[in-house]
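1. Kindly return the folded structure for what I paste below:
(2 chains)
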Amino acid sequence: NAGVTQTPKFQVLKTGQSMTLQCAQDMNHEYMSWYRQDPGMGLRLIHYSVGAGITDQGEVPNGYNVSRSTTEDFPLRLLSAAPSQTSVYFCASSYSIGTSGKATDTQYFGPGTRLTVL
Amino acid sequence: GNSVTQMEGPVTLSEEAFLTINCTYTATGYPSLFWYVQYPGEGLQLLLKATKADDKGSNKGFEATYRKETTSFHLEKGSVQVSDSAVYFCALGNNDMRFGAGTRLTVKP
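-> Down below sits the predicted model:
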């Protein structure tokens, strides 16, 4: 099992550019999510999905779009990059979904994408 | 709402020293509590967890006890190694998952 994979590992964008961060998992998990990690702030939830065709917003969704066409893949799109989106982005998946519709049990994380927006 | 507060770092210890990283939480009901570890250049991975009061999670010599009376889940290890150098995150699972800010640990030989 590869677990959760993410590409690219590093990316530099100019303000206004768009790009897609890729995420895939081979554990057949229904739940997938995207977080951003900023110094001193821990991880914050951007978007999540409880299955193919179903997505919802997390804590900090503005400026990002997601789609879930298959169980395996959950790409994150930056529509028009801004310097405030400079961060490390983690994709995660979970076998368990809480009654609230979000993961409340163990999550499996990808290695992250370090994004810099100039 | 749900939140997690963990001790600020960085923490620097000598090999074989005792480690404590404090974590306290605020939540309604009965959350699950987790410690994740992030090694350099990698994603977070689960270190240990506890799902109810007085449970003790343990793994790789680390342990933490779910204390409802003090709303705490402090991480401890009796003798750290250089290979334990990493960032440690406390997390709470209730209606959603909340992460602490992370504590960077450096262990020197």
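
2. Can you tell me how far B:Tyr25 is from chain A?
-> 13 Å (C-beta to the nearest C-beta, to the nearest Å). Glycine gets a C-beta too; all of them are placed from N, C-alpha and C.

3. quick one: that residue is in a strand?
-> Yes. Counting by DSSP: H, G, I helix; E, B strand; the rest coil, B:Tyr25 is found in a strand.

4. Spit out the contact partners of the residue of chain B positioned farthest from its centre.
-> In chain B, counting by C-alpha atoms, centre = their mean, B:Pro109 sits farthest out from the average C-alpha position, at 22.5 Å. Shown in contact with B:Pro109 (C-beta atoms under 8 Å, 6 or more residues apart in numbering or on different chains): B:14-15, B:82.

5. of all those residues, which comes closest to chain A?
-> Comparing the contacts of B:Pro109 against chain A with C-beta to the nearest C-beta picks out B:Val82 as the nearest, at 21.8 Å.

6. so the closest one makes contact with B:Val107?
-> Yes. Judged on C-beta atoms under 8 Å, B:Val82 makes contact with B:Val107 at a distance of 5.0 Å.

7. More neighbours: which of the two?
-> In this view B:Val82 and B:Val107 are compared by other C-beta atoms under 10 Å in any protein chain shown, and B:Val107 has more residues nearby, 19 against 11.

8. So what sits opposite the more buried one in the bridge?
-> B:Leu13 (DSSP bridges).

9. And it, what's its pLDDT?
-> B:Val107 carries a pLDDT value of 98.

10. pretty sure A:Gln107 is touching A:Ala92, no?
-> Yes. Using C-beta under 8 Å, A:Gln107 is in contact with A:Ala92, at 4.2 Å.

11. which one of these two has more residues nearby?
-> Between A:Gln107 and A:Ala92, counting by other C-beta under 10 Å, A:Gln107 is the more crowded of the two (29 against 26).

12. residues contacting residue 17?
-> Using chain A. A:80-81.

13. that's the other chain; I wanted chain B
-> Contacts of B:Ala17 by C-beta under 8 Å, 6+ apart are B:79-80, B:107.

14. now, among those residues, which is nearest to chain A?
-> Closest to chain A, out of all of those and judged by C-beta to the nearest C-beta, is B:Val107, at 21.3 Å.

15. Show me which residues of chain B sit near chain A.
-> B:4, B:31-32, B:34, B:36, B:41-46, B:49, B:89, B:93-102 (C-beta under 8 Å from any C-beta of the partner chain).

16. Try it again at 10 Å.
-> B:2-4, B:6, B:8, B:31-32, B:34, B:36, B:38, B:41-46, B:49, B:51, B:87, B:89-102 (C-beta under 10 Å from any C-beta of the partner chain).

17. Noted, bye for now.
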